[in-house]
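> Quick one: sequence and predicted model below, then my questions.
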Amino acid sequence: MKKLLLMILALMMVCGVCAMAEENPAEISADPESLVFDSFWANEDGEVEIDYEEGGFRICVMLEDGDTCYRWDYNAGYNAENKKLTVGYAAKLHTPIENKDGATGWTVDYEDSDLTNESTFEINGEGKLVWFDAKEDAGKDLAFAKIGRFGGKWISGEYKVEFTWTENHYAVCGDIAGDDETLLMNGFYNAENNTVEAMGTKGDSEENYESVFSFTEDGKLLWQDEKVPGAKDLQFERE
């Protein structure tokens with residue numbers, strides 16, 4: 001269960017300090033429709049992180065194969081005509097699994113700034129991210145579900161909440177101030193409003209909790225649950 005959470009954290013650490021990044025040579029559109037790509041995406045094989053930055057998108061794909069973790073770093077622009085992200089720079093790297101969350105220790109397999117060999121990302125009719133890797137077709141038959149940016153641990157005072165992505169939902173663990181029992185919930189991502197709606201129980205109790213998690217404009221986590229009133233006015237930061 002924790003495999004994908006570890007990959008999310010690795011993406012956040014590695015891609016945020018990517019040493020391979022260059023200025024994106026692709027033409028950039030400011031079309032607001034492009035921001036639908038800006039998120040984490042996941043399937044059972046790995047994770048994709050797409051970040052919009054002024055001037056384009058940074059994309060990081062991480063897949064595991066045996067004892068090796070492979071990473072593709074892309075700079076891309078949005079093509080408003082076909083609603084795809086078109087890659088203008090690409091690099092592929094690999095490292096042993098045990099080093100996948102490291103910013104160093106990656107071996108470069110290739111770098112490619114040749115715009116005649118374009119890779120693309122698009123969203124299919126089911127709302128999933130499809131990756132066409134023009135270099136090696138590494139994205140063949142892969143589709144990634146949008147999961148937002150909830151993964152990991154969040155804290156506010158004595159309240160804590162942790163999100164771990166499983167096959168199709170988040171496993172949510174909540175620690176409430178003054179309570180020794182952990183709240184365990186299954187949380188489902190709502191892509192329309194960028195929230196996680198979760199239900200679960202605490203300890204041996206059969207009482208159901210219904211929580212909604214969302215974000216402030218500056219990226220703080222909010223927790224709303226009538227049975228956890230102390231969390232209502234809190235803003236959680238990533239631990």
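Yep, that arrived.

> list the helices and strands the helix or strand Leu85 falls within packs on?
Taking DSSP states H and E as the definition, one finds Leu85 inside strand 84-96. Based on contacts counted as 3 or more Cβ pairs under 8 Å, 6 or more residues apart in numbering; DSSP states H and E, the elements that strand 84-96 packs against are strand 56-65, strand 68-79, strand 107-112, strand 120-123. Quick note: C-beta positions are derived from backbone N, CA and C, even for glycine.

> Listing partners with orientation, what would you give for the first one?
Right, the one you point to is strand 56-65. Listed by DSSP bridges, the sheet partners of strand 56-65 and their directions read strand 46-53 (antiparallel), strand 68-79 (antiparallel).

> and Leu63, what does it touch?
45-46, 69-70, 138 (Cβ atoms under 8 Å, 6 or more residues apart in numbering).

> Spatially, what comes nearest to it if we skip its sequence neighbours?
Counting by Cβ to Cβ, 6 or more residues apart in numbering, the nearest residue to Leu63 once its immediate chain neighbours are dropped is Gly46, at 3.9 Å.

> Contacts only, for the one you found.
By Cβ under 8 Å, 6+ apart, the residues touching Gly46 are 7, 61-64.

> Distance check, it against Glu64.
Distance check for Gly46 against Glu64: by Cβ to Cβ, to the nearest Å, it reads 6 Å.

> Repeat that for Gly200.
With the distance defined as Cβ to Cβ, Gly200 ends up 29 Å from Glu64.

> now do Glu206
Summarising the geometry, the distance separating Glu206 from Glu64, computed by Cβ to Cβ, is 38 Å.

> Sounds good, over and out.
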